[in-house]
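Chemist: Everything below, folded, please.
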Amino acid sequence: PDVSHPEHVRDVAAATRWVVDEIAAHGGDPARLVLAGHSSGGYLAALLAADPRWLAEAGVDAARIAGLVSISGFHYVDRLAPSRPKHVWGEDPEAWVDASPAHRATEAAPPALLLWADVDAEDRREDGRDFAAVLTALGVETASAEIAGRDHRSIFFLLGSAGDATTDAIVDFLDRQVPRG
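Modeler: As a prediction, the model looks like this:
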């Protein structure tokens, strides 16, 4: 919470670099990376996927990213920042736009799965729908869904539960983007 932009995204880019460099030693495949996160983690994953400069700065080719999963993430900092502590994104509306995955996305973004809870705040649900529309308009393969019977916390904390719609959507997406080999 005490970090200011862009240090948070640089930290995640550095962690991604570590994964690229080390995953093979742990039995993983660096060609099958999917960035995923919930809430602010969804934001950071989306910013890395949408804006290749952060991965490039960390020495990672953005083309290595096979997909994005953002769960109840936010993608429009310019909508959110006015109500948040100013130390996070500052007070410059142009900087807010620059820090927004929805405003930085290009047709080179990886396929995306955007999920949100039906009890998420309306602005977060609208954010997900709007970002899905942006990616789709860019020609990026995009799937999105509102998960029934979930709120901002339970959509994450129930991941992995039998019959969980969020889990099922993610597994289906992963099976399409990084099939088991």
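Chemist: For Leu44, which non-adjacent residue is closest in space?
Modeler: Excluding the flanking residues, the one nearest Leu44 by CB to CB, 6 or more residues apart in numbering is Val12, at 4.7 Å. All C-beta atoms are positioned from the backbone trio N, CA, C, and that covers glycine.
Chemist: ditto for Ser70
Modeler: Nearest to Ser70 is Gly42, by CB to CB, 6+ apart, at 3.6 Å.
Chemist: I'd say Thr106 and Leu138 touch.
Modeler: Yes: using CB atoms under 8 Å, Thr106 is in contact with Leu138, at 6.5 Å.
Chemist: Could you check the pLDDT of the residue nearest to Ser70?
Modeler: As predicted, Gly42 sits at a pLDDT of 98.
Chemist: That one contacts Gly73, correct?
Modeler: Yes: between Gly42 and Gly73 there is a contact under CB under 8 Å: 2.2 Å.
Chemist: mind checking which helix or strand Asp175 is in?
Modeler: helix 165-177 (DSSP states H and E).
Chemist: so where do the helices sit in this structure?
Modeler: 7-22, 40-50, 53-57, 77-80, 86-89, 93-98, 101-104, 122-137, 154-157, 165-177 (DSSP state H).
Chemist: And Ile147, how far from Ala137?
Modeler: 24 Å (CB to CB, to the nearest Å).
Chemist: shaky segments in this protein?
Modeler: 1, 181 (pLDDT under 70).
Chemist: Tell me who's in contact with the residue lying farthest from the centre of it.
Modeler: In the chain, counting by CA atoms, centre = their mean, Ala25 sits farthest out from the average C-alpha position, at 25.7 Å. Neighbour list for Ala25: empty [criterion: CB atoms under 8 Å, 6 or more residues apart in numbering].
Chemist: Compare neighbour counts for Ile147 and Ala137 and give me the winner.
Modeler: Ile147 (23 against 11; other CB atoms under 10 Å).
Chemist: For that one, list each beta-bridge partner.
Modeler: Ala117 (DSSP bridges).
Chemist: Isn't it up against Asp120?
Modeler: No: Ile147 is beyond contact range of Asp120, at 9.1 Å (criterion: CB under 8 Å).
Chemist: what do these two both touch?
Modeler: Joint contacts of Ile147 and Asp120 (CB under 8 Å, 6+ apart) are Ile155.
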